[in-house]
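Colleague: Take a look and give me a structure for this.
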Amino acid sequence: MEFHARTLSRKLKEYNIRFKPGDSANALGCISLEQQKFFRARIQLAVVLKNQHGEEARVEGVNLSTGGLGIDGLKEPMKFTGLLDVSFPLPNSETIFRAKARIVWFGSEGRVGLRFAVIDPALFEQLQYWHQQ
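Modeller: You can find the predicted model right below:
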């Protein structure tokens, strides 16, 4: 889904959202840390999932936020319930991102949403930095 300035302006008026000049906390184009968890950047990268029994699945990451990851190509999602090991190369860096995650929704044709459950603080900081760029 793609948004344009005109669409944003119309929605702000529709919901009666106004910003005071100089109010940097609510400046247009700035989102809070809480909101950043839900903003997903589109990506294309190889992701490896590993379930509690050691079974692996290689899938494609399609969007990424500081709170989770959207993936395509998980053939048997029911094999990947519970806490999963997730790893992928953080885009535009040499860092391999590793975290624990859970599936929070299933879509059609192998599309799945993951929510990060446990992340090393240093990796989370790198993810936040990448996400802000």
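Colleague: Residue 131 belongs to a strand, doesn't it?
Modeller: No - read with DSSP: H, G, I helix; E, B strand; the rest coil, residue 131 is helix and lies in no strand.
Colleague: name the helices or strands packed onto whichever strand or helix holds residue 87?
Modeller: According to DSSP states H and E, residue 87 maps onto strand 84-89. Using 3 or more C-beta pairs under 8 Å, 6 or more residues apart in numbering; DSSP states H and E as the contact test, the elements touching strand 84-89 are strand 41-50, strand 96-106, strand 112-119. From N, CA and C alone the C-beta is placed, and that goes for glycine too.
Colleague: which parts of the last one are buried?
Modeller: This means strand 112-119. 112-114, 116, 119 (16 or more other C-beta atoms under 10 Å).
Colleague: and if you look at stretch 70-81?
Modeller: 70-72, 74, 77, 80.
Colleague: Return the residues in contact with residue 84.
Modeller: Residue 84 makes contacts with 49-52, 100-103, 114, as judged by C-beta atoms under 8 Å, 6 or more residues apart in numbering.
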